[in-house]
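1. Here is a sequence together with a model predicted from it:
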Amino acid sequence: MDSILEKNLYLFKEHVGFLKAHNNYDIYDPESKEMILHCREKNLNIFYKIVRIFFRNYKRMTPFEIEIKGLSGKKILKVKKGFSFFLSKIQVFDENDNLVGIFKQRLSFKSNFDMLDKRENLVCKLKGNFIGWNFKFLKGDNEVGLVTKKWSGIGKEMFTSADNYILEIKDKVEKDSPLRLLILAAVICIDMVIKE
């Protein structure tokens, strides 16, 4: 596992775009303010581009494949979702395209996902509320991570589709745990499945 995954704080900045189809992010170290990772969506076909641009209400149903890479271009992980009509299922792969885990959206009035390992055993839960911007990662009763929306200015938030998120992974998550990959990937799921 890449040493960049040992950090506990990440700032996700979504690229600003007017009528954009692809979702791309840059990830920064909030303490040093340095960019440390890139997230780029790839393999989006023309039909889904049109749906995302002109039929925005259906954007969260469209499939996506996003790779998170280091600044050198080395892949850290991949997040992939197929077409979903109602509840989403998202797969997370490591740098070698080995399945690490799965997110399964649960039916509720809140924004909840079960985070499963590759054998579909429950690892932790992602819990948020439908209108709020705070999401907690819970392993049993223990909070192991937190995602909050970082407001970057009223003009940017009102007139673009770009969102910024702060991810905090708690110290209790071991530095080499696959749970870190799942938590990092969850920010993409929050933005593209819940908040779009």
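-> Perfect, thanks for sending it. Residues are numbered from 1 along each chain as shown.
2. quick one, phi psi at Met61?
-> Phi and psi for Met61, reported as degrees, to the nearest 10, are phi -80, psi -20.
3. which residues are contacting stretch 122-141?
-> Stretch 122-141 is contacted by residues 101, 103, 109-117, 143-149, 179, 182-183, 186, 189-190, 194 when judged by Cβ atoms under 8 Å, 6 or more residues apart in numbering. Every C-beta, even on glycine, is put in place using the N, C-alpha and C of the backbone.
4. So which of those belong to helices?
-> Counting by DSSP state H, those place 179, 182-183, 186, 189 in helices.
5. all strands of this structure, in order?
-> 9-14, 25-28, 35-41, 64-70, 75-81, 89-94, 99-105, 110-117, 122-129, 134-139, 142-149, 164-169 (DSSP state E).
6. other SSEs contacting the second one?
-> Judged by 3 or more Cβ pairs under 8 Å, 6 or more residues apart in numbering; DSSP states H and E, the packing partners of strand 25-28 are strand 9-14, strand 35-41.
7. Output those strands as JSON lines; include the columns distance to Ser3 and mean pLDDT.
-> Formatted as JSON lines, the helices and strands packed on strand 25-28 follow (distance: least, Cβ to Cβ, whole Å; pLDDT from 0 to 100):
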{"stretch": "strand 9-14", "distance to Ser3": "14", "mean pLDDT": "92"}
{"stretch": "strand 35-41", "distance to Ser3": "11", "mean pLDDT": "93"}
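8. And the ones you listed: which comes nearest Glu168?
-> With respect to Glu168, and counting by Cβ to Cβ, the nearest of those is strand 9-14 at 5.7 Å.
9. I'd like to check the angle between the closest one and strand 64-70, please.
-> Here the directions of strand 9-14 and strand 64-70 differ by 130 degrees (axes from the mean of the first three to the mean of the last three Cα atoms, to 10 degrees).
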